[in-house]
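Visitor: generate coordinates for the sequence data below:
(chains A, B and C)
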Amino acid sequence: MRLVFDSHKVEVMNRTLLAVIGGSAFSILLCLCVSFLLPIEKMHAVAWSTILVFIVFPAVVMWSFGVNNLKKAASFLSFLIVFLGAICWLLLDLGKPL
Amino acid sequence: MIILLSMLIMFHALLFLLLAMPKYNKQISVFPKRDKKLESNFRHVGYVLLVICIALLIVDNGVGVGIALVCGLLTFLGSLVSVMFTFNQTNTAASLIWLPKKIFGVISSSSAYFYLVGYGVLVTSFTLFF
Amino acid sequence: MKSAFRQSMAWLHTWVGLLLSWVLFFIFLTGTVGYFDDELDDWMTPQTPTFSATADDSLPVLEQFLATKGADLKNYSVSFPVDRTQPFLTISYRDADSKRQRIKLNPYTGEELTPRATAGGQTLYRMHYRLRYMPTKIAYYIVGVATMFMFLALITGVVIHKKIFKEFFTFRRGKKPTAWLDGHNLMSVMSLPFHFMITFTGFLLLLYTLMPLIMNAHYGEGKEGRDAFFKEYFSRTNVKASGIHEPSLELKTLLERADAEMAGKPLAWLSVANVGDKNSIFEAGSIHKNLSDSRDKWVFDANNGELIKVQIGHESSKSFYYVLRSLHEGLFASTPLRWLYFLTGLLGTGMIASGMVLWTVKRRTKAIKSGGGSFGYRFTEGLNLACLLGLPAGIAMYLIANRVLPLELSERTLWEVNSLFITFSAFILVAVAKAIAKKADSAWVSLTFLTGFLYVLVPIVNAITTEHNLLLSVLNQNWVFVGVDAVCITVAMACFVLGNYLNKIFNVKVNQQEHSAGPDFKRGHAS
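Guide: As a prediction, this is how the structure comes out:
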């Protein structure tokens, strides 16, 4: 990660945004999907997936500061978020009584 | 009682790990230098002793309380060993190597095995009698 | 050299650690002190003794109290003084106006106890997660963010040290900033298992406040969803009175039934619901001794003494949650283990403190060369100094205020806490002002000595205002008072030693600066 002095602050801000916003969105959506798919009692699925958020989120934060190409990383994460969002929407819809 | 024994084992285990590193053992005059086999020996014995005292604490106090004790004691004794070693290298190391030096005359792998056997006997007799 | 990834992790570690270090220092210190919250409660109510009595010992007093209350008492719960968390015989009930009442009795004489109004150790401990002077919800978010930052600092700290085992013991005394770095590393590495545990379990305690979305997605929006989830998860069910009259067994018989079922465990609390009704329920529980028994209880039908259900331990995620929660709160810990928790917490606080100092020490030579450093540097140093010394000084003032504030003062508890923060603010003002004026060194020395002085004052004020001075407490084996006095004296001595040491090294620096050649030649110091 070459930190050019001029764009250093911009780089930091971009990575922070990716980490916080992208990271939270990703970890929440991922764990939401997990909570639907875990084959255990609902209340335990909710508990375990909520705990999982606090493991996934730091990992994503570290990834967004450590990854080399920020643009590629951001687009990759955005794609994942959209994909997971679609799955969650589907699962939520399926869960609702018809 | 078992906690005191575990603390002693942990203290010596950490000292073994410390003296296994050339950065530190070169500060002890009586310690044979640049002996890779001896160092790896000390390292292995250090790890084994650590596992023994952790197992002892967990078995004696239950998993949860045992884990809490391990976390606390590791912090406390680790800090103690480091600070003691900084202030007085010779005497701190002596708490480990004085006995085997008296018995064997020289520090070698036998010192490590001595402790391993010694603590093994102590732990087994403790668990049998208590 | 280090790989790019490790370099970036080092950068992240420094910033994530520094930005919230002051909040984390506050959280860590109040939490560490909080392990002795009940003992501090005891110290802060010196005229009210604590008791130790089993359920059987207290039964006559309890029965007499219930008799005086008569038939009004339909639901009540009692906790017996068998544990450090329960120093009196406490009875909670709803009075004729349906208001919650709690009364503390001497378990042997039945006399009502009125401890002085004090914020106690409890408030100090609660500030650990509720902070102060802000709504609870906001405090939870701040503490949650701080916890996440600390978690990130821990993980990046491990990633940075490829040679983590070699660095286990590194402590090079004397040479700064290497000594500060080594001290920081030492305290951090040795306490890593503890810190991972404390930080992660801390998250779990705030879990559903910080991350309610998944719970709401499954159980419904807002408060109803939250209530529905908690009702199912934590199985809070209240049995309502049926209205059909049926006599309940006597308390003595119920206690015997409980003793029989609890297999020798001491009865710590009981609660009776719907007395004299068909649906009357009697619940009893024991002392919290290991990680998974915090919610254990035995539930009986109070009409015939039959055991309805036994709740011991939990399943699946609840077990995980309660075990980790117990690890964090340490309520199960015996006294020696509690001291170990306290010492480890102090070391953790020291780790955060050393990190804060390391940041400024590392930049000190550059700052001195550039004539005092940038404003950011000076402000950070001032804030560091204020926090590291101001909070401990505030705690000493908190204890002194408890002794000195008049008993009849209304809002006494609020003023005890205010005195902590008034002292803290005073330190902040002085420290930041002096640091910005480039006089940080003298502020370090004088404020350290001041903090030491305040801590010496605590046992002195204690001896003047109560009869529990150190000598008498040792003679009476009143270990709580001995402990608090001893810790205060130890902290004071540490402050004086530190003050002397800082004085020496700063004076040496001043002398070196004076001896340096020429007014234009600003020599950096070989720190």
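
Visitor: what residue ranges in chain A score low on pLDDT?
Guide: Counting by pLDDT under 70, chain A has low-confidence residues at A:1-8, A:95-98.

Visitor: what strand or helix carries the residue in it positioned nearest to chain B?
Guide: Evaluated by Cβ to the nearest Cβ, chain A has A:Ile51 as its residue closest to chain B, separated by 17.7 Å. To be clear about C-beta, it is placed using only N, CA and C from the backbone, and glycine gets the same treatment. Using DSSP states H and E, A:Ile51 maps to helix A:42-66.

Visitor: can you count the residues close to the residue in chain A that chain C sits nearest to?
Guide: Evaluated by Cβ to the nearest Cβ, chain A has A:Ala47 as its residue closest to chain C, separated by 3.7 Å. For A:Ala47, the number of neighbouring residues by other Cβ atoms under 10 Å in any protein chain shown comes to 25.

Visitor: doesn't C:Tyr233 make contact with it?
Guide: Yes - judged on Cβ atoms under 8 Å, A:Ala47 makes contact with C:Tyr233 at a distance of 6.9 Å.

Visitor: what's the overlap in contacts for the two?
Guide: C:Lys318 (Cβ atoms under 8 Å, 6 or more residues apart in numbering or on different chains).

Visitor: that older thread, for whichever helix or strand comes after the helix holding A:Ile51, name the packing helices and strands.
Guide: Read in the C-terminal direction, the helix or strand following helix A:42-66 is helix A:70-95, with elements assigned using DSSP H and E. Other helices and strands packing on helix A:70-95, by 3 or more Cβ pairs under 8 Å, 6 or more residues apart in numbering or on different chains; DSSP states H and E, are helix A:8-17, helix A:23-37, helix A:42-66.

Visitor: okay if I get those helices as a markdown table plus distance to B:Val48?
Guide: Formatted as a markdown table, the helices and strands packed on helix A:70-95 follow (distance: least, Cβ to Cβ, whole Å):
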| stretch | distance to B:Val48 |
| --- | --- |
| helix A:8-17 | 44 |
| helix A:23-37 | 39 |
| helix A:42-66 | 31 |
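
Visitor: the most centrally placed residue in chain A: what's it in contact with?
Guide: Residue closest to the average C-alpha location in chain A (Cα atoms, centre = their mean): A:Phe26, at 1.4 Å. By Cβ under 8 Å, 6+ apart, the contact set of A:Phe26 is A:56, A:60, A:77, A:80-81, A:84.

Visitor: swap in 10 Å and give it another go.
Guide: A:18, A:56-57, A:59-60, A:63-64, A:77-78, A:80-81, A:84-85 (Cβ atoms under 10 Å, 6 or more residues apart in numbering or on different chains).

Visitor: who does the nearest residue to C:Asn75 once chain neighbours are set aside bridge with?
Guide: Take C:Asn75 and drop its neighbours on the chain: the residue closest to it by Cβ to Cβ, 6 or more residues apart in numbering or on different chains is C:Ala273, 4.9 Å away. C:Ala273 forms beta bridges with C:Ile281, as assigned by DSSP bridges.

Visitor: how many neighbours does residue 58 have?
Guide: Here I'm looking at chain A. 19.

Visitor: think we crossed wires, I meant chain C
Guide: When neighbours are counted by other Cβ under 10 Å, C:Ser58 registers 24.

Visitor: check the gap between it and C:Phe51 for me.
Guide: The gap separating C:Ser58 from C:Phe51 is 9 Å, by Cβ to Cβ, to the nearest Å.

Visitor: residue contacts, C:Ala333?
Guide: Applying Cβ under 10 Å, 6+ apart, one finds that C:Ala333 lies in contact with B:65, B:68-69, B:72, C:35, C:84, C:288-289, C:326-327, C:339-342.

Visitor: of all those, which comes closest to chain A?
Guide: For the contacts of C:Ala333, the nearest to chain A is C:Leu327 (14.4 Å; Cβ to the nearest Cβ).

Visitor: that's a helix at the closest one, yeah?
Guide: Yes - C:Leu327 forms part of a helix when assessed by DSSP: H, G, I helix; E, B strand; the rest coil.

Visitor: what's the pLDDT at it?
Guide: Each residue has a pLDDT score; the one for C:Leu327 is 85.

Visitor: leaving out chain neighbours, which residue sits closest to it?
Guide: Nearest-residue entry for C:Leu327: C:Thr201, 5.4 Å, with adjacent residues in sequence omitted and distances by Cβ to Cβ, 6+ apart.

Visitor: again, but for C:Gly483
Guide: The shortest distance from C:Gly483 to any residue that is not its chain neighbour, by Cβ to Cβ, 6+ apart, is 6.7 Å, and that residue is C:Glu39.

Visitor: derive a PyMOL selection command for the buried subset of the contacts of A:Phe26.
Guide: One line in PyMOL is enough to select the buried members of the contacts of A:Phe26, burial here meaning 16 or more other Cβ atoms under 10 Å in any protein chain shown:
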select buried, chain A and resi 18+56+57+60+63+64+77+80+81+84+85
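
Visitor: can you list the domain ranges for chain C.
Guide: Taking automatic domain parsing as the criterion, chain C consists of the domains C:1-47+C:122-205+C:333-356, C:55-114+C:238-317, C:363-527.

Visitor: next one: the helix holding A:Ile51 to chain centre, how far?
Guide: Distance, stretch centre to chain centre, for helix A:42-66: 8 Å (Cα atoms, centre = their mean, to the nearest Å).

Visitor: A:Leu91 - how many residues pack around it?
Guide: Applying other Cβ under 10 Å, we find 15 residues neighbouring A:Leu91.

Visitor: touching, C:Trp22 and C:Phe379? I think so.
Guide: No - applying Cβ atoms under 10 Å, one finds C:Trp22 not in contact with C:Phe379, separated by 11.9 Å.

Visitor: of these two, which one has the most company?
Guide: C:Trp22 (19 against 14).

Visitor: what is the neighbour count of the nearest residue to the more buried one once chain neighbours are set aside?
Guide: Computed as Cβ to Cβ, 6+ apart, the closest residue to C:Trp22 that is not its neighbour in sequence is C:Cys387, at 4.7 Å. Residues contacting C:Cys387 under the criterion other Cβ under 10 Å number 23.

Visitor: what pLDDT does C:Cys387 get?
Guide: Predicted confidence (pLDDT) for C:Cys387: 87.

Visitor: assumed it was part of a strand.
Guide: No - checked against three-state DSSP, C:Cys387 lies outside a strand; its state is helix.

Visitor: residue contacts, it?
Guide: If a contact means Cβ under 10 Å, 6+ apart, then C:Cys387 has C:21-23, C:25-26, C:29, C:352-353, C:356, C:424, C:427-428, C:431 as its contacts.

Visitor: just the ones in helices from these, please.
Guide: C:21-23, C:25-26, C:29, C:352-353, C:356, C:424, C:427-428, C:431 (DSSP state H).

Visitor: tell me the one of the residues you listed nearest C:Leu89?
Guide: For the ones in helices among the contacts of C:Cys387, the residue nearest C:Leu89 by Cβ to Cβ is C:Leu29; the value is 33.2 Å.

Visitor: strands of chain B, residue ranges please.
Guide: Using DSSP state E, no strands are found in chain B.

Visitor: show me where it has helices.
Guide: Taking DSSP H as the criterion, chain B carries its helices at B:2-19, B:22-25, B:36-61, B:63-87, B:89-104, B:109-129.

Visitor: run a quick neighbour tally on C:Asn469.
Guide: Going by other Cβ under 10 Å, the residues that sit close to C:Asn469 add up to 16.

Visitor: which pLDDT value belongs to the residue in chain B that chain C sits nearest to?
Guide: The minimum distance from chain B to chain C, using Cβ to the nearest Cβ, falls at B:Gly64 (2.8 Å). In this model, B:Gly64 is scored at 77, pLDDT.
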